[in-house]
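K.L.:
structural data only, the sequence is not supplied:
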């Protein structure tokens, strides 16, 4: 492991105020945490395209935020991104997302903790993440729980999450390395360096 991130954080004092405002929002809301956003700040195009997509697909949209947070955490576990997996959306927590759901995430199909809509969404995340070839029953199941608009939004969010987390996993980021001092968005017991 490197002594710091594989792509170093930029000098925060050199960043424009609007970028710093977004990093502060990340520190307050928990997902994404400011470290990954700070690395993206090396490229204004990458920084803002991600921030705008995250706003539209995760914080806004028609699918309930808590369900998207479960999908995000499923992807984290699937791509082995401990940095992302140790984050929690403060909004999802406030909306009632209980940590026990996260504990049994990889067993969503057999766990009694999930309802049918959650299982369907997680099966969608699973199919996208693991490049499965689902049958007609899979699509019929999704159609019972989601509109076409919701399916497209979920797919866009899952794909955005999968791509970013697959990359972030490589960077050796640690929590509280940028705008330290806040534990917003950290899973209970998550170490600052994880």
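P.N.:
Great, that's in hand. Note that this is a predicted model, so its numbers are computed, not measured.
K.L.:
what is the neighbour count of residue 49?
P.N.:
Under the neighbour criterion other Cβ atoms under 10 Å, residue 49 is assigned a count of 13. For every residue, glycine as well, the C-beta is placed using N, CA and C.
K.L.:
now name the helix or strand holding it.
P.N.:
In this assignment (DSSP states H and E), residue 49 forms part of helix 44-54.
K.L.:
could you say what helices and strands the very next helix or strand once past that helix packs with?
P.N.:
As assigned by DSSP H and E, the chain's next helix or strand after helix 44-54 is helix 65-78. When contacts are defined as 3 or more Cβ pairs under 8 Å, 6 or more residues apart in numbering; DSSP states H and E, helix 65-78 sits against helix 82-85, helix 90-94, helix 99-103, helix 116-129, helix 148-168.
K.L.:
now helix 65-78: mean pLDDT?
P.N.:
On average, the pLDDT along helix 65-78 is 97.
K.L.:
quick one: contacts of it?
P.N.:
The contact list for helix 65-78 (Cβ atoms under 8 Å, 6 or more residues apart in numbering) reads 31, 57-59, 61, 81-82, 84-85, 88-89, 91-92, 95-97, 101-102, 105-106, 108, 117-118, 121-122, 124-126, 129-130, 154, 157-158, 161-162, 165.
K.L.:
so how far is it off the chain centroid?
P.N.:
Averaged C-alpha coordinates place helix 65-78 at 6 Å from its chain's average position (Cα atoms, centre = their mean, to the nearest Å).
K.L.:
now do that helix and helix 116-129, the angle between them.
P.N.:
Interaxial angle of helix 65-78 relative to helix 116-129 (axes from the mean of the first three to the mean of the last three Cα atoms, to 10 degrees): 40 degrees.
K.L.:
could you check the angle helix 148-168 makes with helix 65-78?
P.N.:
Counting by the same axes, to 10 degrees, helix 65-78 points 40 degrees away from the direction of helix 148-168.
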